[in-house]
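J.: got a sequence here, can you model it:
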Amino acid sequence: MRWMKSINKFTPLFFSILLAAILRILWKLDTHYTFEDAFITFRFARNLSNGLGFVFNPNEHVYGTTTPLFTLLMAAWIKVFPNFVVFGASMFGLLAGLVSIILVWVLLDDLKINSAQKLLITSVLVFSNKLWLHDMGGMETPLVICAMIAAYLMLVRNKPIRAGLFSGILLWLRVDGIVWFVFLFLGSWIITRKFPIKYSITTIMVYLPWCIFALAYFGSPVPYTIYAKWVAYHNIGMSGLFSRIMIVLRWMTPVSLPSISPAIITWLAITTVLFSAIGTVAVLRQKWLMILPIFCLEEIVRLVALGETFEARLFIPLFWALMILFGFGIQYSWRALFHQYKIRPLFGIAVTSICISFSLWFPLQQAQLNGNFQYYVFDSSLKQLGLWLDKNTPPPSTVILEPLGYAGFFSNRHLIDEVGLVSPQVVALKKQGYSTLDLITTLKPDYAVLHCDDAFQRSNTFLESYYRLVEFNPLKFDPTTMLIYNSNKSSESDLQNILLGRTACYQVWKYKAN
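T.: Numbering: from 1, shown residues only. You can find the predicted model right below:
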């Protein structure tokens, strides 16, 4: 009855995947949350599907995306289903997220990890609402994780060509996946004591066609966004070594903790890391699994050293690796307690039930915050702003703005990006020390989109050149409230409401000469 044994073996995995799918779909239906930057990819994909080329602005060959493969997938989807862009991106993410969990299970099974450990590790990945967010948020992140684990699994199975195929796909998804490629390359070399020539050559051959195309089409195989973000953001995350470490550390709790004080979050994050360290001890004899803690250390050092602490989605590869070790640590600790103190199974069931309850309670609170942000900032402000530009401005108009995603996708206008992701002229001026208002008065776009509280910073030169047309302010934000908060030191909840109102408030200004 071999087939019966197979069914029994994979029954826990089946129900885990079913539960993971249900939780992610319910989260999406409740919040409707889709990342702002996802719409940058969607615009590239739409232009490509419409025959305009791999461009954000027509006729401007700027390598302004770091995920060419996801862009191609979305272009194919938009070609067939042009009115279901977000749905398509969410389904790609959901499928990749579920396959990633399956691959982790298969990887652990190949490494002879027992069923209890596999189920616990899988449960952590199933219940983490931070993974719900990124699996369903419309970005390429879940596909990146899926390709990482697939390459990892193939090397463990001693299938270097297949591993190289997935590593090449990983680089097509995000070029910074080269860090994971290097880890697998060195890990394979050390563990097998053979130079991974097949793995390396296959990876290079899979990625080489895109490098050749990018060099011919954009003039460089390196995404321009890397340089633009460095110029725009490299000082933002460099507030101090300790503060950068704490930002990364506090994000490493298995679920979001929106209603908990920062001090408690810090201790819970430290506890998470300690259990992950215990998990590292538990897998010391598993040479392939030792890649994970070393990768975690490297990611922490890289994120902190480069100041890349301003975008939480950059933490996801680190988070995945840490959560696997965390699962090992929890199971190892529980088994030690069970054998030493002979804890009754009923007590174990009670503890498990409490953990699951907390794993759902806090994500429900976070879902409300994500839903509010989606409704007020993305749907009621940025999307409406884009639709307004599409309806009320001439097609040849140029618009400068910072939120490039929703407004850019729905406006169908030629955009100048304040960060410079798709606008090299902006990066050139920023290197010379130009402020946002200096950029606007120098480049003289037809329209400028600014936050409402930027009124306090507007120079006479800007006011002489531009006049206000319309304001999008769904929460009736008053810029003076920022000054009131700073002087009165209001509560944390008041600050969150003020910041949400500020983030949702935009104005459109028009160049007077036009």
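J.: contacts and neighbour counts: CA atoms only from here.
T.: Noted.
J.: report pLDDT for the residue nearest in space to the middle of the chain.
T.: Geometric centre of the chain, nearest residue: R313, 2.9 Å, by CA atoms, centre = their mean. R313 is assigned 85 on the pLDDT scale.
J.: isn't it right next to D135, touching?
T.: No. At 10.8 Å, R313 and D135 do not qualify as touching, with contact defined as CA atoms under 8 Å.
J.: okay, now the unreliable bits of the protein?
T.: Regions of the chain meeting the criterion pLDDT under 70 cover residues 1-9, 233-239, 337-359, 455-459, 481-495, 514.
J.: rewinding a little: shared neighbours, R313 and D135?
T.: Residues touching both R313 and D135 by CA atoms under 8 Å, 6 or more residues apart in numbering: T141.
J.: surely the residue nearest to the centre of the chain is within a helix?
T.: Yes. R313 sits within a helix when classified using DSSP: H, G, I helix; E, B strand; the rest coil.
J.: for it, give me its contacts.
T.: Contacts were defined as CA under 8 Å, 6+ apart; by that measure R313 touches H134, T141.
J.: change it to 10 Å
T.: Neighbour list for R313: K130, L131, L133, H134, M139, T141, F319 [criterion: CA atoms under 10 Å, 6 or more residues apart in numbering].
J.: highest neighbour count among the residues you listed?
T.: For the contacts of R313, the largest number of neighbours (other CA atoms under 10 Å) sits with M139, at 28 neighbours.
J.: please tell me how far it sits from N114.
T.: Shown here: M139 relative to N114, a distance of 33 Å by CA to CA, to the nearest Å.
J.: same question, A45
T.: Shown here: A45 relative to N114, a distance of 44 Å by CA to CA.
J.: compare neighbour counts for the two and give me the winner.
T.: Each of A45 and N114 had its neighbours counted (other CA under 10 Å), and the higher figure belongs to A45 (28 against 10).
J.: tally of neighbours for the residue lying closest to the more buried one once chain neighbours are set aside?
T.: Residue nearest to A45 in three dimensions, not counting chain neighbours: A75, with 4.2 Å by CA to CA, 6 or more residues apart in numbering. Using other CA under 10 Å, A75 has 25 other residues around it.
J.: hmm, V55 and A75 touching each other?
T.: No. The criterion here is CA atoms under 10 Å, and A75 misses it with V55 at 11.9 Å.
J.: residues that sit against both of the two, list them.
T.: Shared contacts of A75 and V55 (CA under 10 Å, 6+ apart): R43, F44, A45, R46, N47, L48.
J.: in PyMOL, how would I select just the buried ones from those?
T.: Entered in PyMOL, the line below selects the buried ones among these, by 16 or more other CA atoms under 10 Å:
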select buried, resi 43+44+45+46+47+48
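J.: narrow the shared contacts of A75 and V55 to those in helices?
T.: R43, F44, A45, R46, N47, L48 (DSSP state H).
J.: what's the closest of those to Q507?
T.: When the ones in helices among the shared contacts of A75 and V55 are compared for distance to Q507 (CA to CA), R43 comes out closest, at 22.5 Å.
J.: which non-adjacent residue is nearest that closest one?
T.: Spatial nearest neighbour of R43, chain neighbours left out: F409 (5.5 Å); criterion: CA to CA, 6+ apart.
J.: quick revisit: pick the one among the shared contacts of A75 and V55 closest to P479.
T.: Compare each of the shared contacts of A75 and V55 with P479 using CA to CA and the shortest gap goes to R43, at 31.7 Å.
J.: for that closest one, give me its contacts.
T.: 49, 54-57, 71, 74-75, 404-406, 408-410, 412.
J.: who wins for most neighbours among those?
T.: Highest neighbour count within these: G408, with 31 neighbours (other CA under 10 Å).
J.: excluding sequence neighbours, find me the nearest residue to that residue.
T.: Counting by CA to CA, 6+ apart, G408 lies nearest to G386, which is 6.4 Å off, once chain neighbours are set aside.
J.: for that neighbour, what are phi and psi?
T.: Reported as degrees, to the nearest 10, the phi and psi values for G386 are phi -60, psi -40.
J.: is it in contact with Y506, as I believe?
T.: No. Judged on CA under 10 Å, G386 makes no contact with Y506 at a distance of 11.2 Å.
J.: residues contacting L69?
T.: With CA under 10 Å, 6+ apart as the criterion, the residues that contact L69 are A75, E140, L143, I169, L170, L171, W172, L173, R174, W210.
J.: can those residues go into a markdown table with extra columns for distance to I270 and secondary structure?
T.: Conversion of the contacts of L69 to a markdown table gives the following (distance: CA to CA, whole Å; DSSP: H, G, I helix; E, B strand; the rest coil):
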| residue | distance to I270 | secondary structure |
| --- | --- | --- |
| A75 | 42 | helix |
| E140 | 29 | coil |
| L143 | 29 | helix |
| I169 | 34 | helix |
| L170 | 31 | helix |
| L171 | 32 | helix |
| W172 | 35 | helix |
| L173 | 32 | helix |
| R174 | 30 | coil |
| W210 | 41 | helix |
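J.: of the residues you listed, closest to N392?
T.: Nearest to N392 out of the contacts of L69 is A75 (CA to CA; 27.5 Å).
J.: relative to F42, how far out is the closest one?
T.: Relative to F42, A75 is positioned 8 Å away (CA to CA).
J.: hey, what's in contact with both of those two?
T.: When contacts are counted by CA under 10 Å, 6+ apart, the set common to A75 and F42 consists of L48, V85.
J.: what number of residues lie near G329?
T.: By the measure other CA under 10 Å, the count of residues near G329 is 26.
J.: hmm, A277 and it touching each other?
T.: Yes. Counting by CA under 10 Å, G329 does reach A277; the two are 7.1 Å apart.
J.: which residues touch L19?
T.: The neighbourhood of L19, defined by CA under 10 Å, 6+ apart, consists of L13, I25, S123, V126, F127.
J.: got the buried residues for the strand or helix carrying the second one?
T.: Secondary structure assignment for I25, by DSSP states H and E: helix 2-31. Within helix 2-31, the residues that count as buried by 16+ other CA under 10 Å are P12, L13, S16, I17, A20, A21, L23, R24, I25, W27, K28, T31.
J.: how distant is it from the center of its chain?
T.: Taking CA atoms, centre = their mean, to the nearest Å, the mean C-alpha location of helix 2-31 is offset from the chain mean by 24 Å.
J.: what does stretch 98-116 give?
T.: Distance of stretch 98-116 from its chain centroid, counting by CA atoms, centre = their mean, is 24 Å.
J.: who's more crowded, G386 and Y506?
T.: With neighbours defined as other CA under 10 Å, G386 and Y506 compare such that Y506 has more, 23 against 20.
J.: for that one, grab phi and psi.
T.: Backbone geometry at Y506, expressed as degrees, to the nearest 10, gives phi -130, psi 150.
J.: right, and it touches L469 too?
T.: No. At 11.0 Å, Y506 does not count as touching L469 under the criterion of CA under 10 Å.
J.: okay, domains of this protein per the record?
T.: The domain map for the chain lists 1-233, 240-343, 370-511, with the assignment taken from automatic domain parsing.
J.: out of those domains, which gets nearest to F362?
T.: When the domains of the chain are compared for distance to F362 using CA to CA, the nearest one is domain 240-343, at 5.7 Å.
J.: all helices for the stretch 301-450 of the chain, in order.
T.: Taking DSSP state H, counting those that start in this stretch as the criterion, the stretch 301-450 of the chain contains helices spanning 316-341, 345-373, 383-392, 406-411, 424-431, 436-443.
J.: now tabulate those helices in JSON lines and tack on distance to T65.
T.: What follows is the helices of the stretch 301-450 of the chain, written out as JSON lines (distance: least, CA to CA, whole Å):
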{"stretch": "helix 316-341", "distance to T65": "19"}
{"stretch": "helix 345-373", "distance to T65": "24"}
{"stretch": "helix 383-392", "distance to T65": "20"}
{"stretch": "helix 406-411", "distance to T65": "14"}
{"stretch": "helix 424-431", "distance to T65": "14"}
{"stretch": "helix 436-443", "distance to T65": "22"}
